[in-house]
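Engineer: can't give you the sequence, but here's the structure:
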């Protein structure tokens, strides 16, 4: 129940913050917050790094490749391959799938404003991750199945 509560709180706060900042895609702040939320602050930070690296690689590579021409299946294949291969080379294996799908989204849906999308995507992801880390620092309400106040 605690993980669900923390993830829901992080999701809500991320969307509110993104809307207050007038970000174009609050959805990505929410996704980042939910995916990296964990009960342990250390584990939340561990989940955050691959999320951030994958977003940076995918968005930047997709934006760069989008400059080479209109969207095509060939460009998509090259982009997804490169975006998933680079995290492996950098030894951030958990970032590979995310990098691949972000690159694909940029290439297929945001070619005309790829660099703008890439920057917004990074800002929204950092916002969601930051909120998840803050929420993970809130002390647990229960431990070992007992309310916190009944532990002594």
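Structural biologist: Done, it's in. Keep in mind the model is a prediction, meaning the values are calculated, not measured.
Engineer: got the buried residues for stretch 106-121?
Structural biologist: Of all the residues in stretch 106-121, those buried under the rule 16 or more other CB atoms under 10 Å are 106, 107, 108, 110, 111, 114, 115, 117, 118, 120, 121. Any C-beta I mention is one placed from the backbone N, CA and C, and that applies to glycine too.
Engineer: longest helix anywhere in this structure?
Structural biologist: The helix that spans the most residues within the chain, counting by DSSP state H, is helix 41-66.
Engineer: and which of the buried residues of stretch 106-121 is nearest residue 16?
Structural biologist: Using CB to CB, residue 120 comes nearest to residue 16 of the buried residues of stretch 106-121, at 17.1 Å.
Engineer: Where does the closest one sit: helix, strand or coil?
Structural biologist: The three-state label given to residue 120 by DSSP: H, G, I helix; E, B strand; the rest coil is helix.
Engineer: Chain neighbours aside, what residue packs nearest to it?
Structural biologist: If you skip the residues right next to it in sequence, residue 120 has residue 24 as its closest partner in space, 5.2 Å away by CB to CB, 6 or more residues apart in numbering.
Engineer: For residue 82, see how far away that neighbour is.
Structural biologist: Relative to residue 82, residue 24 is positioned 25 Å away (CB to CB, to the nearest Å).
Engineer: before we move on, what about residue 118?
Structural biologist: Per CB to CB, residue 118 is found 15 Å from residue 82.
Engineer: lowest-confidence helix or strand of the chain?
Structural biologist: With mean pLDDT, DSSP states H and E as the measure, the helix or strand of the chain carrying the lowest mean pLDDT is strand 146-147 (a mean of 51).
Engineer: Now residue 70: phi and psi?
Structural biologist: Geometry field for residue 70 lists phi and psi as phi -70, psi 160, criterion degrees, to the nearest 10.
Engineer: dump the residue contacts of residue 67.
Structural biologist: By CB atoms under 8 Å, 6 or more residues apart in numbering, residue 67 lies in contact with residue 114.
Engineer: before we move on, the earlier item: so is the residue nearest to residue 120 in a helix, a strand, or just coil?
Structural biologist: At residue 24 the chain is in coil, as set by three-state DSSP.
Engineer: So it versus residue 62, what's the distance?
Structural biologist: Residue 24 sits 16 Å away from residue 62, taking CB to CB as the criterion.
Engineer: now the strands for the protein?
Structural biologist: 142-143, 146-147 (DSSP state E).
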